[in-house]
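Engineer: Got a sequence here, can you model it:
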Amino acid sequence: MTVEKSNNRIRLLDILRGFAIFGTLGTNIWLFAHLGDLNALFSYGAEWWTSVDDFLRLLVLFLVNGKFLGMLTILFGVGLELKYRQALRKSAPWPGTYLWICLFLLIEGFLHFALVMEYDILMSYAVTAVIVSFIVRGGDRRINRVLKILAGFHVSVMLAVLAVDIYFNLSGANVSFGSMEYVAALYREGAWMEQVVYRLSNMVLLRFEALMVIPLNIILFLTGIRLMRAGAFSPDERGRRIRRVMLRTGLGLGVPLNLLLFVPNGGFDLGIRYLFAPILSLGYMAMIARLVERSEHLKVWRFMEAAGKMSLSCYVLQNLLASFIFYGWGLGWGGRLGSLSVIGVWLAVCLAEAVLAAWWIDRWKLGPMEWTRKALLKMVAAR
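Structural biologist: Numbers count the residues shown, from 1 in each chain. Here you go, the predicted model:
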């Protein structure tokens with residue numbers, strides 16, 4: 001069945017995590033390939049109808065940018081709900097030891113930020129998880145209240161940002177992140193330690209997005225919790241009915257809204273990433289669930305499931321590999337490849353990780369980072 005349990009794990013959730021991790025790299029790969037230039041993630045000034053290279057880049061970003069990150073964020077909320085249920089079964093205090101998990105995640109995120117890439121998501125998730133753990137303790141009423149308030153606030157802010165973005169676009173203003181040649185030169189020519197120093201020296205600026213998205217993270221965490229409590233991942237008719245609604249709404253509303261990315265000269269990019277993309281995330285989750293349910297014995301699901309079981313290890317590893325491939329201290333391919341080649345590198349990294357994850361999980365059941373965290377938690381619990 002689509003959501004069968006094995007070893008107290010829900011298979012569908014692991015498969016979805018695998019897709020979310022690889023889809024997130026589909027966004028980050030452009031940052032690596034363009035040596036940290038944020039303009040590569042947006043359509044500002046891109047005349048995609050005259051350039052195959054720009055069209056391919058925007059096509060991939062239409063499919064992945066914000067969508068798989070939204071999926072991953074929702075799944076983090078699902079994971080929090082599972083931890084909460086575990087605490088209730090054991091009559092353990094909540095959030096209790098879950099706060100230690102959040103602390104480890106924060107440390108892991110900081111190390112990932114400093115040593116690997118400046119756009120780490122783990123630190124933001126750690127802060128969000130602490131906040132949501134206390135919201136969950138207040139029950140469904142508190143969850144619903146917070147969802148309504150935060151969703152209203154976030155939608156209002158993003159619609160205002162979208163209106164300003166469209167105004168600048170219509171007025172002919174040249175909207176972009178400006179020249180990021182200094183950053184590109186650092187990643188093209190600088191030593192690894194110079195890049196670490198740059199990230200630490202500019203931590204406040206480089207962590208701005210991680211703080212800015214916390215309200216959206218909370219919304220998506222709580223959405224994951226609500227979906228889990230509603231039975232959206234159950235193999236019964238109730239679960240299938242919820243997933244049908246997710247599919248119709250997510251794709252029917254999400255696809256046309258995200259197609260606004262192709263409006264000439266941009267103007268919708270921020271609204272798409274932070275407002276419209278999560279809608280499509282729900283459609284993706286339901287679509288993947290349907291595919292798994294209809295063809296559950298396909299080997300591809302085993303590889304995605306393995307990647308999902310060691311999602312933290314895969315997330316860090318794929319960014320390490322991309323850093324090595326594109327930055328000057330490694331192969332130095334950054335700034336040299338066209339969009340088709342960048343897509344090829346993305347798919348090659350995903351394929352290599354999927355094979356490695358399946359091989360690893362068959363032998364050790366937990367990824368290296370997951371095992372380390374579990375061992376540290378046992379040490380803390382024993383004290």
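Engineer: So what's the residue count around residue 40?
Structural biologist: Around residue 40 there are 21 other residues, counting by other Cβ atoms under 10 Å. Where you see a C-beta, it was placed from the backbone N, CA and C, and this is true even at glycine.
Engineer: doesn't it fall inside a helix?
Structural biologist: Yes - Residue 40: assigned to a helix according to DSSP: H, G, I helix; E, B strand; the rest coil.
Engineer: what about the spatially closest residue to it that is not a sequence neighbour, distance to residue 378?
Structural biologist: Excluding its sequence neighbours, the residue lying closest to residue 40 (Cβ to Cβ, 6 or more residues apart in numbering) is residue 34, at 3.8 Å. With distances taken as Cβ to Cβ, to the nearest Å, residue 34 is found 42 Å from residue 378.
Engineer: between the two, which one's more packed in?
Structural biologist: Shown here are residue 34 and residue 378; by other Cβ under 10 Å, residue 34 has more neighbours (22 against 9).
Engineer: Now the more buried one: phi and psi?
Structural biologist: phi -100, psi 20 (degrees, to the nearest 10).
Engineer: Quick check: it touching residue 335?
Structural biologist: Yes - using Cβ atoms under 8 Å, residue 34 makes contact with residue 335 at a distance of 6.7 Å.
Engineer: what residues do those two have in common as contacts?
Structural biologist: residue 184 (Cβ atoms under 8 Å, 6 or more residues apart in numbering).
Engineer: After the worst-scoring helix or strand of the chain on mean pLDDT, which helix or strand is next? Please name it.
Structural biologist: Lowest mean confidence among the helices and strands of the chain (mean pLDDT, DSSP states H and E): strand 5-6, at a mean of 46. As assigned by DSSP states H and E, the chain's next helix or strand after strand 5-6 is strand 9-10.
Engineer: The residue nearest to residue 340 when sequence neighbours are not counted: what's it in contact with?
Structural biologist: Leaving aside its chain neighbours, residue 340 sits nearest to residue 56 (6.0 Å; criterion: Cβ to Cβ, 6+ apart). If you count contacts by Cβ under 8 Å, 6+ apart, residue 56 has them with 339-340, 343.
Engineer: how close does residue 56 get to residue 339?
Structural biologist: With Cβ to Cβ as the criterion, residue 56 and residue 339 are 4 Å apart.
Engineer: Residue 160 - how many residues pack around it?
Structural biologist: 11.
Engineer: where does it fall, phi/psi-wise?
Structural biologist: Taking degrees, to the nearest 10 as the convention, residue 160 sits at phi -70, psi -40.
Engineer: That one and residue 167, how far apart?
Structural biologist: The gap separating residue 160 from residue 167 is 11 Å, by Cβ to Cβ.
Engineer: Same check on residue 378?
Structural biologist: To residue 167, residue 378 is 55 Å away according to Cβ to Cβ.
Engineer: Residue 322 too?
Structural biologist: Between residue 322 and residue 167 the distance is 36 Å, computed by Cβ to Cβ.
Engineer: Specify which residue of the two has the higher count of neighbours.
Structural biologist: When neighbours are counted by other Cβ under 10 Å, residue 322 and residue 167 differ, and residue 322 comes out ahead with 24 against 11.
Engineer: secondary structure element for that one?
Structural biologist: Residue 322 belongs to helix 311-326 when assigned by DSSP H and E.
Engineer: need the contact list for the spatially closest residue to residue 373 that is not a sequence neighbour.
Structural biologist: In space, and not counting its chain neighbours, residue 373 is closest to residue 104: 5.3 Å by Cβ to Cβ, 6+ apart. Contact analysis of residue 104 by Cβ under 8 Å, 6+ apart lists 373, 376-377.
Engineer: ok, now residue 122?
Structural biologist: When contacts are counted by Cβ under 8 Å, 6+ apart, residue 122 touches 105-106, 108-109, 112, 312, 315.
Engineer: Go again with 7 Å.
Structural biologist: By Cβ atoms under 7 Å, 6 or more residues apart in numbering, the contact list for residue 122 reads 105, 108-109, 112.
Engineer: State the distance from it to residue 365.
Structural biologist: Where residue 365 is concerned, residue 122 sits at a distance of 22 Å (Cβ to Cβ).
Engineer: now do residue 233
Structural biologist: 22 Å.
Engineer: Of those two, which one has the most company?
Structural biologist: Per other Cβ under 10 Å, whichever of residue 233 and residue 365 has more neighbours is residue 233, with 21 against 12.
Engineer: I'd assumed the more buried one was in a strand, is it?
Structural biologist: No - using three-state DSSP, the assignment for residue 233 is coil, not a strand.
Engineer: Isn't it up against residue 12?
Structural biologist: Yes - Residue 233 is within contact range of residue 12, at 5.6 Å (criterion: Cβ atoms under 7 Å).
Engineer: Which residue comes closest to the residue most central in space within the chain once chain neighbours are left out?
Structural biologist: Most central in the chain under Cα atoms, centre = their mean is residue 69, positioned 2.4 Å from the mean C-alpha point. Using Cβ to Cβ, 6+ apart and skipping the chain neighbours, the partner closest in space to residue 69 is residue 24 (5.5 Å).
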